[in-house]
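K.L.:
Quick one: sequence and predicted model below, then my questions.
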Amino acid sequence: MSGAHKGRVAIVTGAAQGIGRAIAVRLAADGANLMLADVNGDVLQQGAAIVAAAGKVEILTHAGDLSQEDVVNAMMAAAMKKWGKVDILVNNAGGGVIRPFLSHTPETLRLTIDRNLWTALWCCRAALPHMRAAKYGRIVSIGADSVRNGLWDHAAYNAAKGGVHGLTTGLAREFAGDGITVNTVAPCAVATPQLEAMLGKNIPLVDKFIGVIPMGRAGDMREVASAVSYLASAEASFITGQVVSVNGGSTML
Ligand SMILES: NC(=O)c1ccc[n+]([C@@H]2O[C@H](COP(=O)([O-])OP(=O)(O)OC[C@H]3O[C@@H](n4cnc5c(N)ncnc54)[C@H](O)[C@@H]3O)[C@@H](O)[C@H]2O)c1
C-alpha cells in the first residue's frame, strides 16, 4: 500500500468489524494513526488487533454508542489529547434494520436513524472545529446506493442514509473555504461476513439485491475501503460534496 496517510490522524467509526474494519486496515496500511470507535467494545478489541497488524501506526480505541453526544465528545477529546489533531473522519458506523416500512416499530425506526445519522451528525460536529482551526480536513461518510435506486425494504434505512448524503453536500459548501472536503461513499450490497452467510442460499430478497447489480456480484469490502482511502487523501483536494457510488453499476451517473 502507499504512504498516502503517513503522519495523518484518522477516526473510523464502526471499526470493530465489517466495512469499517476493512477501512481501518486500509488506512493503517497507508500510514494513518487511528482512533477506532465502536459500540461493541469486545469485538472492537479483536478488530483493533487485526488493524494493528496492517501497519506500524499508533492506535487508540473508544467503546461507546456514538449516537450519544457525550460519547462522541469523549472520543474526540481522547484523540486530541493523544495527537493534537484530527485530519480524517470516516463516518462508517451504521447498519440497516431492513424490513418493509410498515413492519418497523417505533424502536427500530429510532435505532435506524440513531445508528446511521446521529452518529455522523455528532462526529462531524465534534471534528469540524478542529479541522477548521487546522485549515485541513477530510470527512468521508458511508452512505448507501439504495438511496438512489429505492431498493426493496430500505425506506427507513434510506431516510437515514439520505440524511447522510444531504449532510455531505451542505457541509461541503459550508467548509469549502477551510481546506476541508466532505464526501460520501455509497456502496450497494457488500460481501461482509453477514451478507456472505446469506449469498447462494436462494433467499429471494438477497437474490433481488444482487440481481440489480450489472456486475452480478456483491462488492468486496476492500473495494469500498479503496474509495474511502482515496477521498480521505490530500490528493483528493478538489473533490467535495460528492456521493460516490461503489456499486458494480447498480445505479449509474
Ligand atoms: N454491508 C452492506 O451491504 C452495506 C451496503 C451499503 C451501506 N453499508 C453501510 O456500511 C457501513 C458498515 O456496514 P457493515 O455492513 O460493515 O455493518 P456491520 O454491522 O458489520 O458494522 C457496523 C459497525 O458499526 C457499529 N455501530 C453501529 N451503531 C453504532 C453506534 N451507535 N455507535 C458506535 N458504533 C456503532 C457496529 O457495532 C458495527 O461494528 C454502515 O454504515 C452500513 O449502513 C453497508
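P.N.:
Received it, and whenever you're ready, just let me know what you need.

K.L.:
C-alpha only now, for contacts and for neighbours.
P.N.:
Will do.

K.L.:
So residue 184 lies in a strand, does it not?
P.N.:
Yes. Assessed with DSSP: H, G, I helix; E, B strand; the rest coil, residue 184 lies in a strand.

K.L.:
Listing request: residues of the stretch 101-250 of the chain with sub-threshold pLDDT.
P.N.:
Across the stretch 101-250 of the chain, nothing is flagged by pLDDT under 70.

K.L.:
at 90 what do you get?
P.N.:
200 (pLDDT under 90).

K.L.:
quick one, helices of it?
P.N.:
106-113, 119-134, 146-149, 155-174, 193-196, 204-211, 221-231 (DSSP state H, counting those that start in this stretch).

K.L.:
could I get those helices as TSV with distance to the ligand?
P.N.:
Putting the helices of the stretch 101-250 of the chain into TSV (distance: least, C-alpha to the nearest ligand atom, whole Å) gives the following:
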stretch	distance to the ligand
helix 106-113	8
helix 119-134	6
helix 146-149	7
helix 155-174	8
helix 193-196	7
helix 204-211	9
helix 221-231	8
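
K.L.:
Around residue 182, count how many other residues there are.
P.N.:
Neighbours of residue 182 under the rule other C-alpha atoms under 10 Å: 28.

K.L.:
Flag every residue of this protein that's near the ligand.
P.N.:
14-20, 38-40, 64-67, 92-96, 115-116, 142-144, 187-190, 192 (C-alpha under 6 Å from any ligand atom).

K.L.:
now these: which count as buried?
P.N.:
14-20, 38-40, 64-67, 92-94, 96, 115-116, 142-144, 187-190, 192 (16 or more other C-alpha atoms under 10 Å).

K.L.:
Looking at those, which are in strands?
P.N.:
Within those, residues falling in strands by DSSP state E are 38, 142, 187.

K.L.:
Nearest to residue 230 among those residues?
P.N.:
Of all these, residue 230 sits closest to residue 142, with 13.7 Å by C-alpha to C-alpha.

K.L.:
tell me, what residue is most central in the protein?
P.N.:
Centroid check for the chain by C-alpha atoms, centre = their mean gives residue 92 as the closest residue, at 2.1 Å.

K.L.:
My guess is that residue contacts residue 13. True?
P.N.:
Yes. Between residue 92 and residue 13 there is a contact under C-alpha atoms under 8 Å: 5.2 Å.
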